[in-house]
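Novice: can't give you the sequence, but here's the structure:
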């Protein structure tokens, strides 16, 4: 490897810059399918997402400990899952009130709406959480802004 490739490899965060990032959104997929699958599968999707968040937090914590002492990073799982849950619940309700579609069609449509929402909520939620943390906890803990 030449020095350019080595620098690139060092800068790639497996939890943020690769497909692994999408494991953090497994619970949104689970929420999108909630109307169609047993609740245990939805909770399983939260296990996948929580495992991702835990691994990312441990990784960031180790990196922070090396460079800043023992100030751990923060992570969120609740906001995106809650957003998809509410989008799906509202969609199912509205489809029930405005269409005469059979329940199975309404549930599949709700799932499709939930899944199609995921790509649109990732960046705004990430940016909003970063902004809130940059404006509050990161100032308190002296960590500086994430996206300077």
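Specialist: Thanks, I have the structure now. The shown structure was predicted, so the numbers you read here are calculated from the model rather than taken from an experiment. Residues are numbered from 1 along each chain as shown.
Novice: any stretches of this structure with poor pLDDT?
Specialist: Along the chain, the parts satisfying pLDDT under 70 run over 1-10, 64-65, 67-77, 143-148.
Novice: remind me, longest helix of it?
Specialist: For the chain, the longest helix by residue count, based on DSSP state H, is helix 103-135.
Novice: and residue 32, what is it in contact with?
Specialist: Contacts for residue 32 (Cβ atoms under 8 Å, 6 or more residues apart in numbering) come out as 84, 88, 110, 111, 113, 114, 115, 117, 118. In short, each C-beta sits where N, CA and C put it, glycine included.
Novice: name the nearest residue to it, sequence neighbours excluded.
Specialist: residue 114 (2.9 Å; Cβ to Cβ, 6 or more residues apart in numbering).
Novice: wait, that neighbour sits on residue 91?
Specialist: Yes: counting by Cβ atoms under 8 Å, residue 114 does reach residue 91; the two are 7.2 Å apart.
Novice: between the two, which has more neighbouring residues?
Specialist: Ranked by neighbour count (other Cβ atoms under 10 Å), residue 114 and residue 91 place residue 114 first, with 26 against 21.
Novice: OK, contacts around residue 87?
Specialist: Contact analysis of residue 87 by Cβ under 8 Å, 6+ apart lists 113, 114, 117.
Novice: which pair in the contacts of residue 32 spans the largest distance?
Specialist: Spatially, the most separated pair among those is 110 and 118, at 13.6 Å (Cβ to Cβ).
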